[in-house]
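Participant: sequence-free structure coming up:
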């Protein structure tokens, strides 16, 4: 489900930000609704996905730490970059912000590719630390 949501955001990010850039209130509402719905596809199962990447001994610490370390990087840099694009390109920055979202989405998809189903598998601390590092870098 996460990959489906990521692919939907990948396909819709630039067109939806272009609709926002047009400045029409109905089109802006439509774009926000579509982007929020596609974002919900990815985040609906993210907490269970993240926690199952760690051994039960490290599950709470690993998922909590990786989520909290990744939030300032992605959640902090995203608005700063978008604001900078707005300063540089003015009201025509919608497409560039869409490209920024597209780049973040590609990073997310690249981080999803090496993950595998964890049912019945044994975990090692190294795998948990590697996943923590990947989550931190995205």
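Facilitator: Good, I have the coordinates. These numbers come from a predicted model, not from an experiment.

Participant: for stretch 43-60, the distance to its chain's centre please.
Facilitator: Relative to the centre of its chain, stretch 43-60 is centred 16 Å away, using CA atoms, centre = their mean, to the nearest Å.

Participant: What of stretch 88-106?
Facilitator: Offset of stretch 88-106 from its chain centre (CA atoms, centre = their mean): 15 Å.

Participant: Need the nearest residue in space to residue 8, chain neighbours excluded.
Facilitator: residue 38 (4.0 Å; CB to CB, 6 or more residues apart in numbering). Where you see a C-beta, it was placed from the backbone N, CA and C, and this is true even at glycine.

Participant: counting contacts, what elements does whichever strand or helix holds the one you found pack onto?
Facilitator: Assigned by DSSP states H and E, residue 38 belongs to helix 25-43. For helix 25-43, the packing partners by 3 or more CB pairs under 8 Å, 6 or more residues apart in numbering; DSSP states H and E come out as helix 2-22.

Participant: who touches the residue nearest to residue 8 in this structure?
Facilitator: 5, 8-9, 12 (CB atoms under 8 Å, 6 or more residues apart in numbering).

Participant: Which of the three states applies to residue 65?
Facilitator: helix (DSSP: H, G, I helix; E, B strand; the rest coil).

Participant: what about it, neighbour count?
Facilitator: Neighbourhood size, residue 65 [other CB atoms under 10 Å]: 15.

Participant: go on, residue 102?
Facilitator: 17.

Participant: next one: the one 4 residues further on
Facilitator: Residues lying near residue 106 (other CB under 10 Å) number 12.

Participant: Thought residue 10 was touching it, still the case?
Facilitator: Yes. With contacts counted by CB atoms under 8 Å, residue 106 reaches residue 10, the gap being 7.0 Å.
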